[in-house]
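below: sequence and its predicted model.
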Amino acid sequence: MITLIDNALLDELCAEAAASPRRRKNRNFHPRDEHPGHRLLNAMQPDSYIAPHRHLDPNKDETFVVLRGALGVMIFDEAGAVVQATRVGAGGAAIGVDIAHGTWHTAVALEPDTVFLEAKAGPYLPATEAERAPWAPAENTPQAPAYLLGLKARLAA
């Protein structure tokens, strides 16, 4: 059996992201959270905020390939300063990114209905305290929207 990744699937996923309180939605291709290989589509709207984080497990390198729209991918140093801000987009100069484990990072949607294919090792485990950026606001906090706007401003220059 196959699952087609076509415009109908992307449209459906984008509509689900737009209706979601988190303003993003994923569609897993792996059968369960415990599966050793995670492959998923991630649809995001521009007001969705993913708090900066890192994956400490040496098997948790992460790859994004943008299928629709554009992402801003931010890399941070240990103190929370942005050391790299890259625009990654469908049809652009860079269409994907591979992020090594241990790297502080986040992604922001720069266009409505941005969709990217994400691949990393499973199993899914919630982020530990050591994987959450202590210098960035958590999701759903009053400070998050302003922080998100500041990240996006890094790509506007």
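Thanks, I have the structure now. Numbering: from 1, shown residues only.

my guess is Arg27 contacts Leu41. True?
Yes: contact criterion Cβ atoms under 8 Å: Arg27 and Leu41 qualify, at 4.5 Å. Every C-beta, even on glycine, is put in place using the N, C-alpha and C of the backbone.

more neighbours: which of the two?
Leu41 (21 against 17; other Cβ atoms under 10 Å).

quick check: closest non-adjacent residue to Asp33.
Excluding its sequence neighbours, the residue lying closest to Asp33 (Cβ to Cβ, 6 or more residues apart in numbering) is Tyr124, at 4.0 Å.

quick one, what contacts that neighbour?
Contacts for Tyr124 (Cβ atoms under 8 Å, 6 or more residues apart in numbering) come out as Asp33, Glu34, His38.

returning to that earlier point: any common contacting residues for Arg27 and Leu41?
Here Arg27 and Leu41 share the contacting residues Leu9, Leu13, scored by Cβ under 8 Å, 6+ apart.

coming back round to it: got a quick PyMOL command for the buried subset of the contacts of Tyr124?
Command for PyMOL that selects the buried part of the contacts of Tyr124, burial taken from 16 or more other Cβ atoms under 10 Å:
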select buried, resi 38
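
tell me the one of the contacts of Tyr124 nearest Glu111?
Nearest to Glu111, judged by Cβ to Cβ, of the contacts of Tyr124 is His38 at 24.5 Å.

which residues pair with the closest one across the strands?
Assessed by DSSP bridges, His38 has beta-bridge partners Lys120.

check Glu62 too.
As assigned using DSSP bridges, the partners bridged with Glu62 are Ile99, Lys120.

quick one: neighbours of it, just the number.
Other residues close to Glu62 by other Cβ under 10 Å number 19.

likewise for Pro123?
So Pro123, with other Cβ under 10 Å, has 13 neighbours.

having no further points to raise, I will conclude here.
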